[in-house]
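Visitor: fold the stuff below for me.
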Amino acid sequence: MDLLQSTVLFLLTALTLFGFYGLLAWGLGLIFGQLGVVNVAHGDFAMVGAFTMFALPTVPFFLRLLIAVLAAAVLGYLTERYLLRKLYVRGMLATLLAMWGVGIVIRQGLEAWFGTTPGSVSAPVHGSITVLGVQYPTYRLIATAISLVLIAVGLVIIYRTNLGLRLRASINNRQMAALLGISPSLMITGTFIGGTVLAVVAGALQSPMLGVTPSVGLTFLAPAFFAVLVGKPGSLGGPILGAAIVALLQTALRTFFTETVAGLLFFIILIVLIALRPQGLNWRIPQWKTRKTSPQAAPGQESSSHQPVQLQDTHQTATKPGESQQE
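Guide: Numbers count the residues shown, from 1 in each chain. Predicted structure coming up:
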């Protein structure tokens with residue numbers, strides 16, 4: 001295999017991983033940004049999507065995917081409405097332990113029902129496509145395309161629609177958003193449902209590439225958390241950048257090392273990166289504001305001394321939303 005084919009295979013593999021980690025990490029980041037909940041059951045939600053595809057082998061694939069979405073919406077609503085809502089006032093530790101318990105219940109329930117033998121899901125499309133001389137499975141390309149479309153649609157909704165504006169406002173300053181008529185409880189429930197749906201869809205799309213077991217969700221959790229941490233916790237677009245970094249890093253390590261060594265180096269590198277940049281990477285496009293210079297005063301006239309003070313006050317006022325967001 002020449003250099004071009006190796007590069008194409010590397011990029012296709014990284015893109016497939018990015019589609020999966022992008023959905024998973026984005027759902028996790030949305031829940032953490034809106035609710036402040038560390039959802040340690042997020043990988044188990046993805047596993048629910050995989051088991052939904054496995055448990056209904058006679059149903060058409062994309063109909064199973066729709067059923068998984070509906071199941072995710074119900075699961076997300078019940079978890080937030082009847083469990084998490086009663087624990088917000090007790091702080092992050094209480095919600096973390098609650099979600100840890102939810103994950104255990106899901107794993108033990110599926111293990112009791114299906115056992116521990118790995119299951120397989122048949123892909124709706126078989127065969128491979130030649131991409132610049134590289135044979136690549138057709139279904140992986142389809143699953144990657146669906147994931148990228150979902151990510152793109154989600155970004156448009158968040159940054160270009162009124163719903164996204166309400167979501168960002170409720171994350172930045174929930175009290176002010178409530179005064180403007182945005183229902184905090186509705187946004188919180190809707191965000192948790194959306195994050196759960198993203199996780200379940202990611203697991204459902206990935207199921208034909210997996211050995212489906214009740215513990216498979218645990219392997220998804222660490223890369224998703226690292227993607228959120230690398231991409232700046234609490235941001236809406238940061239987890240997508242983090243997922244791209246995680247996918248590229250994981251693909252590169254698996255190319256040159258064995259699976260065990262690659263996994264060890266993967267976690268070491270990410271831990272070091274987070275230790276060096278605990279606030280995450282600055283994924284925003286930097287913007288520089290130029291200070292307007294006042295016209296020079298005519299000879300014999302004193303220049304106004306209050307203009308620099310006004311500029312300074314304006315700058316301080318502009319930084320207040322950012323401060324409230326950090327709080």
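Visitor: drop to CA atoms for contacts and neighbour counts, all remaining ones
Guide: Will do.
Visitor: show me what contacts residue 13?
Guide: residue 251 (CA atoms under 8 Å, 6 or more residues apart in numbering).
Visitor: which element follows the helix or strand harbouring it toward the C-terminus?
Guide: Taking DSSP states H and E as the definition, one finds residue 13 inside helix 3-35. Moving toward the C-terminus from helix 3-35, the next helix or strand (DSSP H and E) is helix 42-55.
Visitor: who are the packing partners of that next one?
Guide: Under the contact criterion of 3 or more CA pairs under 8 Å, 6 or more residues apart in numbering; DSSP states H and E, the helices and strands touching helix 42-55 comprise helix 3-35, helix 61-82, helix 92-114, helix 184-206, helix 216-230.
Visitor: now with 7 Å?
Guide: Helix 42-55 is packed against helix 61-82, helix 184-206, helix 216-230, with contacts defined by 3 or more CA pairs under 7 Å, 6 or more residues apart in numbering; DSSP states H and E.
Visitor: which of these sits closest to residue 252?
Guide: Counting by CA to CA, residue 252 lies closest to helix 216-230 out of the helices and strands packed on helix 42-55; the figure is 14.7 Å.
Visitor: could you pull up the mean pLDDT of the closest one?
Guide: Model confidence over helix 216-230 averages 87 on the pLDDT scale.
Visitor: tell me how far that helix lies from the chain's centre.
Guide: Per CA atoms, centre = their mean, to the nearest Å, the displacement of helix 216-230 from the mean C-alpha position of its chain is 10 Å.
Visitor: does residue 203 touch residue 46 like I think?
Guide: Yes: in this structure, residue 203 is within contact of residue 46 by CA atoms under 7 Å, at 4.2 Å.
Visitor: which one's more surrounded, these two?
Guide: The neighbour comparison of residue 203 against residue 46 (other CA atoms under 10 Å) goes to residue 203, with 33 against 30.
Visitor: what residues are up against that one?
Guide: Residues near residue 203 by CA atoms under 7 Å, 6 or more residues apart in numbering: 46, 47, 49, 50.
Visitor: distance check, it against residue 213.
Guide: Here residue 203 is placed at a distance of 12 Å from residue 213 (CA to CA, to the nearest Å).
Visitor: which SS state does the closest residue to residue 54 other than its chain neighbours fall under?
Guide: Among residues not flanking residue 54 along the chain, residue 121 sits closest, at 5.5 Å (CA to CA, 6 or more residues apart in numbering). Three-state assignment for residue 121 (DSSP: H, G, I helix; E, B strand; the rest coil): coil.
Visitor: then the one 5 residues further on?
Guide: Under the three-state scheme (three-state DSSP), residue 126 adopts coil.
Visitor: just checking, it touches residue 136?
Guide: No: here residue 126 does not reach residue 136: they are 10.8 Å apart, not a contact under CA under 7 Å.
Visitor: more neighbours: which of those two?
Guide: Set side by side, residue 126 and residue 136 show more neighbours around residue 136, with 17 against 11, by other CA under 10 Å.
Visitor: next one: that one from residue 10, what distance?
Guide: Using CA to CA, we find residue 136 at a distance of 11 Å from residue 10.
Visitor: next one: residue 148
Guide: Counting by CA to CA, the gap from residue 148 to residue 10 is 18 Å.
Visitor: contacts only, for residue 73.
Guide: Taking CA under 7 Å, 6+ apart as the criterion, residue 73 is in contact with 193, 197.
Visitor: and the pLDDT at it?
Guide: Taking residue 73 on its own, its pLDDT is 95.
Visitor: now, among the contacts of residue 203, which is nearest to residue 248?
Guide: residue 46 (21.2 Å).
Visitor: that closest one and residue 205 touch, don't they?
Guide: No: contact between residue 46 and residue 205 fails when scored by CA under 7 Å: they sit 9.6 Å apart.
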